[in-house]
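Chemist: Sequence and predicted structure are below.
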Amino acid sequence: MTKSRVTRRTALKAGLMGAAAAGTASFFGPWRHNRVWAQGKKPIKLGLTCDASGQYGNSGQDDMQGMRLAIDEFNAKGGVLGRKIEWITADTETNPATGTRVAERFIAQEQCGFLLGAVHSGVANAITQVASKYGTIYMNTNSSAPSESGANCSRIKFVWDGNGTNFSKAAVANAVQKIGKKWLLLTNDYVWGHTTSAATKTEVEKAGGHIVDNLLVPQNTRDFTAYLLKVQQIKPDVVAMAIGGDDIKALRQQIAELKLEDKAAWINNQQDWPDVWGVPETLFGVFGTNWYHKLPLPGVAEFVKRWQTAYPKSPIPVPGNVSYNGYMATRELLRVIEQTGSTNNIGIIKALEGRKMSAVDRMQAYDAYIHPVTHQVQQTIYLARRNPKPVDNTDLFQIVSAATPEQALDAASLTACKLKPYAEVPTYEQ
Amino acid sequence: MSLLPHLVNGLALGLLFALLALGFMLILGLMEQINLAHGSLFALGAYFAYAITAARLPLPPDWLEAWAQVPLGWRFTVAMFLAPVLVAPFGVVLERLMRRTYGRDPLYGLLLTFGAAMVIEELIRVVWGTRDYMLPVPRGISGGFVMLDLIWSTYRFWAAAFAVVAMALVWLVIERTRFGALVKAGAHDSEIVQALGHDLEKLRVWVFVMGTMMAAVAGVILAPVWGIRPHMGVDAVVPAFLIIVLGGVGSFWGAVLGGILVGVVVGLSGAYASEWSMLSMYLLLIGVVTFRARGLFGKKSVLEA
């Protein structure tokens, strides 16, 4: 038996040579690399980049339940292209740095052909950067910063939720006319908050209103008294909140505790279902959503039943908009793989761009489509308020209006988004 | 815009911060151990209080039903006293684990309590899941009242008053009892205290139990304000640590003043420069330790009294 002893000097030399080789290789290219993974009946592997902790921990897990339902339904009928669908997940911790690490591991080590997930826009952007490097298709299920389908768009990324601009367009003009022109913004101090408030400001000013102040709220703020005192002192007509996840829950609790619901009109551009569930008494004002489990539309009740059968012990007993987006993104990806007959990423991207989805199929009021310029799903945007006559303890929303995809279109993203040419996207087949 | 409401708010907030830091101060000041699990014990207090108040306990259904019929005010009061008692055994276990680190590099204690914090947080996830809970507040102390022409949270002011009472009790125990004198002496010179026939191990357990119960009490009091979620411990331990360093390690009055200063700075920055509100407490710490590395009351700590 031979023994080989690696000295510290040898290891250092090897490491340096390796690093130099890697550096040189990346310097000289290839700029466009191709990956061909094993063919045949190898399972199709999805990487679910879902938060399990942090500000969007609850939403991340709700998102994953939607994805898993779609995967289970496809597997129950034999998978896709005769191949079983496998999935792995890891906690992205509502943290962009963790999102980067998870995405890198899923693609490079776990050989995931597709990534799905993210609620936090910073995490979504981090995952996009990694996925773009490999050409890996990424379904951004639930983050809704306008920049995700604007300046931070990508050829490999498809955005499934409505964004801050979509919701502002659906809500603001009407509120300026009916409620008042003096608006105060409460903005979560990160990419989604900033871009959403910027969109609100544009819409308010366009409708003849004005912004009296914009209070930036750091993420993970737990005590909002200072902000609420300022709201009381300024006395705005409308407070537009772009606060998400656990933060909005704490804020809503404190507004309700101080009984400030009626002191101004409160508008939350988007209200995710997991942020409402468990604290229904704090639901006030007007808010946006792209889906509700009691929409009187074909297929909704059946979908809710399938979801409940799959998750009898779910902490939230009904699917909300977050779970819905996770389901829709996963189902559409798997359908497209099936229809194109291949896992070739470029083929799938081309099939997704401009893809039309009927209102009945998506359980929404109007037909939807994936915008070929921004890769964002253009869809029905609902405005809701607290339901004064709930039929059961999950019936929290009363839908007050439904904007068409055209009415809610984020026109600014069409010029802000610059997609790479196909030739610059690394190709692969899983 | 009037400054006074923001100062009053900062003061009330500061008293809550001081309450949060007090248990941390006890263990750090009297035992020279940085207990990074303090935040997790704080979270446990909140969860136990929720389980008691909302009648979600592992008890027979008949008992639970009867307990749920008890007025909310009583359930909340019982939770406030019982939750810290239920959390106390966690402090005993933690102290037992930490014994091997006494007198050694502080890093060992730091790592051990960091590990304990992660274990407790995961335990919380296993038992209560990842969803959020709200601790209901009795009607009598919920809602708002008008002062300085603004609406204020009634509960917040009750909580601040409770924090003052809790701080006074801790001060009495440390400064005016034989137990407090022995603990201080033990921290100063453990060999002499043991030579005089006192059981230092037992004293340490009691200090740890006191610190743990203080963390749990802070958890119960702050839960209706912050909400209950698995990672609330992490949200709590950072400001607690910061307040202790700012006030001067081991100083009772340092912790109180540090808490109030942090509250006022966070309150004022939230109103006048909102984007700086979280950062302001760190800037305050940097400002203080740059000129006085031992913190504001570093010299007059209970360790050196």
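Modeler: That came through fine.

Chemist: quick one: contacts of stretch A:338-353?
Modeler: Contacting residues not belonging to stretch A:338-353 are listed as A:44, A:80-81, A:113, A:135-137, A:155-156, A:158, A:332-333, A:336-337, A:370, A:372, A:375, A:422, A:425, A:427-430 [C-beta atoms under 8 Å, 6 or more residues apart in numbering or on different chains]. All C-beta spots, glycine's among them, are computed from the backbone N, C-alpha and C.

Chemist: Tell me how many other residues crowd the residue of the stretch 151-300 of chain B found nearest chain A.
Modeler: Per C-beta to the nearest C-beta, residue B:270 is where the stretch 151-300 of chain B lies closest to chain A, at 2.8 Å. Neighbour count of residue B:270, defined by other C-beta atoms under 10 Å in any protein chain shown: 31.

Chemist: any idea how far residue A:231 is from it?
Modeler: According to C-beta to C-beta, to the nearest Å, residue B:270 and residue A:231 sit 12 Å apart.

Chemist: Over to residue A:386?
Modeler: From residue A:386 to residue A:231 the distance is 20 Å (C-beta to C-beta).

Chemist: helix or strand for the most far-flung residue of chain B relative to its centre, which one?
Modeler: Of all residues in chain B, residue B:62 has its C-alpha farthest from the mean position, at 34.6 Å, by C-alpha atoms, centre = their mean. Secondary structure from DSSP states H and E places residue B:62 in helix B:61-69.

Chemist: what pLDDT, on average, does that helix get?
Modeler: In this model, helix B:61-69 has a mean pLDDT of 92.

Chemist: before we move on, back to that, tell me the contacts of the residue of the stretch 151-300 of chain B closest to chain A?
Modeler: Residue B:270 touches A:225, A:226, A:227, A:230, B:6, B:277, counting by C-beta under 8 Å, 6+ apart.

Chemist: Please repeat the previous calculation with a cut-off of 7 Å.
Modeler: A:226, A:227, B:277 (C-beta atoms under 7 Å, 6 or more residues apart in numbering or on different chains).

Chemist: Which ChimeraX command selects the buried ones in the contacts of stretch A:338-353?
Modeler: What follows is the ChimeraX syntax selecting those of those that are buried according to 16 or more other C-beta atoms under 10 Å in any protein chain shown:
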select /A:44,80,113,135,136,137,155,156,158,332,333,336,337,370,375,425,427,428,429,430
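
Chemist: Which single residue of chain A ends up nearest chain B?
Modeler: With C-beta to the nearest C-beta, the shortest gap between chain A and chain B falls at residue A:226, namely 2.8 Å.

Chemist: Tell me, how many residues neighbour that residue?
Modeler: For residue A:226, using other C-beta under 10 Å, the count is 24.

Chemist: thought residue B:98 was touching residue B:115?
Modeler: No. Contact between residue B:98 and residue B:115 fails when scored by C-beta atoms under 7 Å: they sit 11.2 Å apart.

Chemist: more crowded one of those two?
Modeler: residue B:98 (21 against 13).

Chemist: doesn't that one fall inside a strand?
Modeler: No. Using DSSP: H, G, I helix; E, B strand; the rest coil, the secondary structure at residue B:98 is helix, not a strand.

Chemist: Strands of chain B, residue ranges please.
Modeler: B:144-147, B:150-153 (DSSP state E).

Chemist: so what strands line up beside the last one?
Modeler: According to DSSP bridges, strand B:150-153 has the following sheet partners: strand B:144-147 (antiparallel).

Chemist: starting at the chain centroid, how far to the strand it pairs with?
Modeler: 27 Å (C-alpha atoms, centre = their mean, to the nearest Å).

Chemist: How about stretch A:358-374?
Modeler: 16 Å.

Chemist: From residue B:133, how far off is the nearest residue to residue B:232 once chain neighbours are set aside?
Modeler: Nearest residue to residue B:232, sequence neighbours excluded (C-beta to C-beta, 6 or more residues apart in numbering or on different chains): residue B:43, at 4.8 Å. Plainly put, residue B:43 is 11 Å away from residue B:133 if you go by C-beta to C-beta.

Chemist: Among those two, which residue is more densely surrounded?
Modeler: Counted by other C-beta under 10 Å, residue B:43 and residue B:133 do not tie: residue B:43 has more neighbours, with 31 against 21.

Chemist: Pretty sure the more buried one sits against residue B:233.
Modeler: Yes. Counting by C-beta under 7 Å, residue B:43 touches residue B:233, with 3.9 Å between them.

Chemist: Does residue A:49 belong to a helix, a strand or coil?
Modeler: Relying on three-state DSSP, one would call residue A:49 strand.

Chemist: how many other residues sit next to the closest residue in space to residue A:261 that isn't next to it in sequence?
Modeler: By the measure of C-beta to C-beta, 6+ apart, the closest residue to residue A:261 outside its immediate chain neighbours is residue A:284, 4.2 Å from it. By the measure other C-beta under 10 Å, the count of residues near residue A:284 is 17.

Chemist: go on, residue B:182?
Modeler: Neighbour count for residue B:182, taken as other C-beta under 10 Å: 18.

Chemist: Distance of residue A:52 relative to residue A:129?
Modeler: Per C-beta to C-beta, residue A:52 is found 22 Å from residue A:129.

Chemist: More neighbours: which of these two?
Modeler: With neighbours defined as other C-beta under 10 Å, residue A:52 and residue A:129 compare such that residue A:52 has more, 19 against 15.

Chemist: Any idea what the closest residue to the more buried one other than its chain neighbours is bridged to?
Modeler: Distance criterion C-beta to C-beta, 6+ apart; nearest residue to residue A:52, sequence neighbours excluded, is residue A:91 at 3.8 Å. Under DSSP bridges, the beta-bridge partners of residue A:91 are residue A:50.

Chemist: For residue A:166, which non-adjacent residue is closest in space?
Modeler: With C-beta to C-beta, 6+ apart, the residue lying closest to residue A:166 is residue A:408, at 4.1 Å.

Chemist: whoops, I mixed them up, residue A:303
Modeler: Ranked by C-beta to C-beta, 6+ apart and with sequence neighbours excluded, the top spatial neighbour of residue A:303 is residue A:363, at 6.2 Å.

Chemist: so the one you found makes contact with residue A:296?
Modeler: No. Counting by C-beta under 7 Å, residue A:363 stays clear of residue A:296, with 10.6 Å between them.

Chemist: which of these two has more neighbours?
Modeler: The neighbour comparison of residue A:363 against residue A:296 (other C-beta under 10 Å) goes to residue A:363, with 22 against 9.

Chemist: Tell me the confidence at that one?
Modeler: 98.

Chemist: give the contact list for it.
Modeler: Residue A:363 neighbours (C-beta under 7 Å, 6+ apart): A:291, A:295, A:297, A:299, A:300, A:303.

Chemist: Contacts only, for residue B:30.
Modeler: Applying C-beta under 7 Å, 6+ apart, we find residue B:30 in contact with B:183, B:184, B:187, B:207, B:302.

Chemist: Selecting buried members of the contacts of residue A:363 in ChimeraX, what would you type?
Modeler: To isolate the buried ones among those in ChimeraX, judged by 16+ other C-beta under 10 Å, type:
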select /A:291,295,297,300,303
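
Chemist: right, and the pair among the contacts of residue A:363 with maximum separation?
Modeler: By the measure C-beta to C-beta, A:291 and A:299 form the most distant pair in these, at 11.5 Å.

Chemist: Could you list the low-confidence segments of chain A?
Modeler: Chain A contains residues with pLDDT under 70 at A:1-40.

Chemist: wouldn't residue B:155 be in contact with residue B:142 here?
Modeler: Yes. Using C-beta under 7 Å, residue B:155 makes contact with residue B:142 at a distance of 5.6 Å.

Chemist: okay but residue B:235 is in contact with residue A:223, surely?
Modeler: No. The pair residue B:235 / residue A:223 is not scored as a contact, 10.5 Å apart, by C-beta under 7 Å.

Chemist: more neighbours, those two?
Modeler: Between residue B:235 and residue A:223, residue A:223 has the larger neighbour count (other C-beta under 10 Å), namely 24 against 19.

Chemist: which residues sit against stretch B:147-157?
Modeler: With C-beta under 7 Å, 6+ apart, stretch B:147-157 has contacts from A:229, A:232, A:257-260, B:4-5, B:12, B:137, B:141-145, B:224-225.
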